[in-house]
Structures are given as C-alpha cells and as structure tokens.
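**Student:** What follows is a predicted structure for the sequence shown.
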Amino acid sequence: MKHTRVTIKQNKVNLYKINQCPLIEKEHMQSIPSLKEGTLIELATPQGEFIGTGYYGVQNKGIGWVLTQKQGELIDDTFFTKKIRTAIDKRRTFFDMVGTNVFRLFNGEGDGIGGLTIDYYDGILVITWYSEGIYSFRDSIISALEQPIPILDGIKGIYQKKRFNDKGQFVEESSFLKSEQAPEPLIVEENAVKYAVYLDDGAMTGIFLDQKDVRGRIKNHYAKDMTVLNTFSYTGAFSIAAAIGGAKSTTSVDLAKRSLSKTREQFLLNDIDLEGQDIVVMDVFDYFKWAIKKEKLYDIAILDPPAFAKSKKMIFTVRKDYTWLVENAIELTTENGLIIASTNSASLDMKHFKRQVSQAFMNKHCTYEIVETYTLPEDFVTAETFVRGNYLKVLFIRKLDR
Ligand code: SAH
C-alpha cells in the first residue's frame with residue numbers, strides 16, 4: 001500500500017521519536033493533506049528523517065495511530081497476525097482461569113494497534129472498531145483471528161461494534177459477524193459471579209470488563225455485612241458483587257429505566273433474594289437530595305459516573321462536578337465509611353482526580369485516607385509510552401474524623 005508522508009512539527013519530533021507516543025495528533029503535524037480513512041502514513045521530521053508508520057483514522061482524540069517505528073516494516077496480514085498472536089500469548093493464563101471467563105484479549109495501542117479492542121466472552125469474541133480507518137483493515141484482522149491458533153480453537157462466534165463517525169454521523173452499531181450466535185443473554189462469569197450480557201445490543205454489553213479487579217476486591221474484602229450505595233449503577237454490577245460478598249443491603253441508583261430490569265436480572269441469576277436490594281430509577285442528583293434529607297447513611301458509597309452525562313437537571317462532567325459528587329458521598333456515609341470513587345475519564349489524570357477528592361473533604365471539614373488505588377487490570381494492557389491510555393482511576397477512600 002502507498003504511504004503518504006506527513007511531517008511532524010520540530011518541537012514535537014521527540015514526542016514521537018524518543019517518547020514513542022502512539023497517538024497521532026493533528027496539532028502536532030505541520031500540515032495534513034486530505035487523507036482517506038485507513039491511509040498508511042509515514043511520519044517524518046522536518047528534515048525528512050523517518051519516525052514511524054501509522055494509519056489515518058479519526059477518533060474523538062487524535063487522527064490516527066503509529067503502528068511501527070521500524071523503517072520498512074510492512075503493514076500487511078503478517079503484521080496484524082503477529083500483533084494478535086502476541087496479545088493472545090500474553091493472556092494465556094486467562095483462558096483457563098477458574099471463576100472468570102470474560103476478559104480483554106486485545107487492548108488497542110497497548111497491544112500495538114490503536115483504535116481496536118477485542119474482548120473475550122466465554123468463547124465469543126467482540127471486536128470494537130473505533131474509527132473508519134481501522135475498520136478498513138478488518139479483513140486482515142478478522143482473518144488473523146481465524147488462523148489456526150490452538151488456544152482460540154474453541155471460538156464459537158465473532159461480534160463487532162462500530163464506534164465511529166460514518167458520513168458525518170456517529171454510529172454505535174453492533175452486529176453478529178461469524179459462526180454461532182450467542183444466546184441472549186449470554187451468561188458469563190467473573191470472580192465467580194454470574195452476569196447476563198447482551199452482545200448484540202448497541203455499544204455496551206451489560207458489563208464493563210475494566211472494573212473486574214475493583215468488583216473482585218469489593219466482593220472479597222469489603223462488602224461483608226455492609227450497607228452499600230451504588231450510584232450510576234447501570235446493570236448493577238458493583239451491587240451484585242457486593243451482595244455475593246455478603247453485603248447486608250444494596251441500593252442501586254441509575255437514571256435509565258432499563259437499569260431496573262437489567263439489575264433485577266443479575267440478582268436473580270445469582271440466586272440473590274431481592275429483599276434488601278433496592279433498585280432506584282432516579283437522577284443521582286435527586287437521590288442525593290432525598291437521601292440526605294432522610295438522613296440515610298451507608299457503610300460504602302460507590303461513585304462511578306460517565307465522563308459526561310446530561311440529565312434534565314444538569315450537565316455533569318467529571319472535571320467540573322466530581323468534587324460535588326464526593327461531598328454528597330461524605331454526607332451519606334457512616335463514620336469510618338468507605339467511598340469508592342471511580343472515573344474512566346482519560347482527560348482527568350490521577351493527580352487532578354485526587355485533588356478533586358481532597359477538595360471535597362476539605363469543604364466538608366473531614367479527614368480521610370486513601371486505602372487502595374486501582375487502574376486498569378492486567379488484561380487491559382497499556383503502553384508505557386502513553387499514560388492517557390490507562391484511563392481508569394479508582395480510589396478506595398476511608399472517611400476519618402469530621
Ligand atoms: N457503574 C456502572 C457503569 C456506569 S455507566 C458499572 O459499573 O457497570 C453510566 C451510567 O450512568 C448509565 O447507566 C447512565 O444511565 C447513568 N447515568 C447518567 N447520568 C445519570 C444521572 N444523572 N443520574 C443517574 N444515573 C445516571
């Protein structure tokens with residue numbers, strides 16, 4: 001395939017050449033010729049020296065990804081096969097783990113191909129394409145997955161999700177691609193907890209695999225005999241983990257109507273009595289107001305909002321509103337209670353996230369201790385050269401004296 005040469009601004013050369021940043025940003029280029037999605041681009045210094053080869057694919061961040069810094073390395077079927085095999089090799093132990101049969105098999109730039117993720121759901125693969133550019137390589141990538149790879153021998157089917165702009169429209173399309181279709185729902189297991197997932201239902205499946213370690217920790221270490229408030233609860237995954245871990249009660253709060261049936265489904269699947277499991281369809285902001293007025297107190301409060309959310313009441317952004325969220329959690333937790341504060345916002349780094357938490361405790365004249373910190377789990381391999389790729393930040397915060 002023909003490469004198009006793109007020149008990097010002098011003051012950004014080291015970012016790509018030495019620091020090996022995999023994300024290609026428009027502002028770092030001297031000028032961008034008009035390119036077709038999926039075009040292979042050769043990054044060069046203003047002096048014409050080779051830096052790397054990547055592809056053009058517009059995402060919400062960046063305009064493409066570097067694939068190799070080896071001059072002359074071809075981006076062909078062999079290249080994609082090699083990357084995918086290496087990723088699978090790294091995760092050998094995940095295939096026969098007891099109690100967990102879901103995990104991330106390929107994690108974008110962490111495994112050498114930005115814009116592409118592949119998840120493993122008990123023998124079924126779910127590919128997510130984050131740009132039209134990476135989607136243009138689909139034949140090579142799918143055929144790489146179909147090569148005889150002993151550990152993938154039992155693959156039952158492949159689904160795909162497109163999450164990119166197509167002709168100016170953002171598509172979040174899901175479709176079944178190959179072999180056998182999964183039952184609806186498909187019942188998977190993680191940390192010996194069952195979850196019902198729907199692989200062909202929009203961008204999300206019902207479980208966010210990146211919170212595996214956090215759910216495991218809550219279940220095995222913190223939940224026993226506790227009352228738990230789970231805000232932005234979605235399908236209630238944290239609540240289920242807590243209930244199985246012996247929580248006295250759980251309260252799940254989410255604005256979306258679907259969360260009621262989806263959460264109930266997960267509890268029933270795990271034979272958990274719905275008595276003691278409250279599922280509230282409500283704007284978190286209203287719930288806070290109501291619960292504070294009623295002087296409700298919980299031993300554990302979980303905060304896991306989306307990076308951005310719009311409701312009738314307000315536009316929530318992690319950057320602007322996390323402090324406020326923690327302030328409410330401080331009001332609603334018992335003495336020595338635990339606040340689990342999580343964000344998946346790549347644009348808020350750990351330092352700023354901690355600052356928001358610290359500000360909230362200061363405003364509430366309360367002391368605290370961060371007892372545990374989590375980032376992405378082991379199967380979500382990240383590139384050392386790209387800190388932003390490790391977007392998940394979770395703090396387990398022990399509330400101390402007021
Ligand atoms: N914590 C969940 C994932 C959260 S996804 C988990 O671990 O699985 C984000 C969720 O926030 C969505 O289900 C969405 O419906 C919900 N949400 C967004 N804005 C909200 C609001 N203002 N009040 C309550 N829920 C909200």
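**Tutor:** Received, thanks. Here the structure is a predicted model, which means the values were calculated and not measured. Residues are numbered from 1 along each chain as shown.
**Student:** Helix or strand next in line after the helix or strand where residue 105 lies, which one?
**Tutor:** Residue 105 is part of strand 102-107, with elements assigned from DSSP states H and E. Sequence order places strand 116-121 as the next helix or strand after strand 102-107, per DSSP H and E.
**Student:** can you list the residues that contact that next one?
**Tutor:** The contact list for strand 116-121 (C-beta atoms under 8 Å, 6 or more residues apart in numbering) reads 84, 87, 94, 101-108, 125-130, 134, 141, 145, 182, 186, 188, 197, 199, 205, 209. (Glycine included, C-beta is placed from N, CA and C.)
**Student:** switch to 6 Å and redo it
**Tutor:** In this structure, residues lying in contact with strand 116-121 by C-beta atoms under 6 Å, 6 or more residues apart in numbering are 102-108, 125-128, 134, 188.
**Student:** what pairs with it, and is each one parallel or antiparallel?
**Tutor:** strand 102-107 (antiparallel), strand 124-129 (antiparallel) (DSSP bridges).
**Student:** Any chance of those strands in TSV with mean neighbour count as columns?
**Tutor:** Compiled in TSV, these are given as follows (neighbours: other C-beta atoms under 10 Å):
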stretch	mean neighbour count
strand 102-107	24
strand 124-129	23
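**Student:** Of those strands, which is nearest residue 344?
**Tutor:** The closest of those to residue 344 is strand 102-107. By C-beta to C-beta, the value is 13.9 Å.
**Student:** I'd like the average pLDDT over the closest one.
**Tutor:** In this model, strand 102-107 has an average pLDDT of 98.
**Student:** hang on, the earlier thing: any idea which of the strands paired with strand 116-121 gets closest to the ligand?
**Tutor:** strand 102-107 (13.3 Å; C-beta to the nearest ligand atom).
**Student:** The closest one close to the ligand?
**Tutor:** No - against the ligand, strand 102-107 shows no contacts by C-beta under 6 Å from any ligand atom, the least distance being 13.3 Å.
**Student:** Residues touching that strand, excluding its own?
**Tutor:** Residues contacting strand 102-107 (C-beta under 6 Å, 6+ apart): 87, 94, 117-121, 188, 190, 209, 379-381.
**Student:** The stretch 301-402 of the chain: strands as residue ranges?
**Tutor:** 308-310, 315-317, 333-343, 368-374, 393-399 (DSSP state E, counting those that start in this stretch).
**Student:** Against which helices or strands is the first one packed?
**Tutor:** Going back to what we said before, that points to strand 308-310. Helices and strands touching strand 308-310, by 3 or more C-beta pairs under 6 Å, 6 or more residues apart in numbering; DSSP states H and E: there are none.
**Student:** now, among the contacts of strand 102-107, which is nearest to the ligand?
**Tutor:** For the contacts of strand 102-107, the nearest to the ligand is residue 209 (10.0 Å; C-beta to the nearest ligand atom).
**Student:** Distance check, the closest one against residue 118.
**Tutor:** 11 Å (C-beta to C-beta, to the nearest Å).
**Student:** show me where pLDDT drops low in the stretch 101-250 of the chain?
**Tutor:** 166-171 (pLDDT under 70).
**Student:** Now with 80, please.
**Tutor:** 148, 150, 152-154, 165-178 (pLDDT under 80).
**Student:** for it, what spans make up the strands?
**Tutor:** Counting by DSSP E, counting those that start in this stretch, the strands of the stretch 101-250 of the chain are 102-107, 116-121, 124-129, 157-166, 169-179, 186-190, 193-197, 227-231, 249-254.
**Student:** What residues does residue 232 make contact with?
**Tutor:** 304, 305.
**Student:** Show me which residues of the stretch 251-400 of the chain are close to the ligand?
**Tutor:** Counting by C-beta under 6 Å from any ligand atom, the stretch 251-400 of the chain sits next to the ligand at 253-256, 259, 283-285, 304, 306, 309, 311, 316.
**Student:** any idea which of those is least confident?
**Tutor:** Minimum pLDDT across these falls on residue 311, with 79.
**Student:** was I right about that one contacting residue 284?
**Tutor:** No - checked against C-beta atoms under 6 Å, the pair residue 311 and residue 284 is beyond contact range at 8.4 Å.
**Student:** Give me the more crowded residue out of these two.
**Tutor:** Counted by other C-beta atoms under 10 Å, residue 311 and residue 284 do not tie: residue 284 has more neighbours, with 22 against 12.
**Student:** pretty sure the more buried one is touching residue 231, no?
**Tutor:** Yes - using C-beta under 6 Å, residue 284 makes contact with residue 231 at a distance of 5.0 Å.
**Student:** shared neighbours of the two, anything?
**Tutor:** residue 253.
**Student:** wait, which of the contacts of strand 102-107 is closest to residue 362?
**Tutor:** Distances from residue 362 to the contacts of strand 102-107, taken by C-beta to C-beta, are shortest for residue 380, at 32.4 Å.
**Student:** Could you tell me how many residues sit around that closest one?
**Tutor:** Count around residue 380 with other C-beta under 10 Å applied: 22.
**Student:** residue contacts, it?
**Tutor:** Taking C-beta under 6 Å, 6+ apart as the test, what residue 380 contacts is 104, 107, 210.
**Student:** now the last one: how far from the ligand?
**Tutor:** What it means is residue 210. Separation of residue 210 from the ligand (C-beta to the nearest ligand atom, to the nearest Å): 9 Å.
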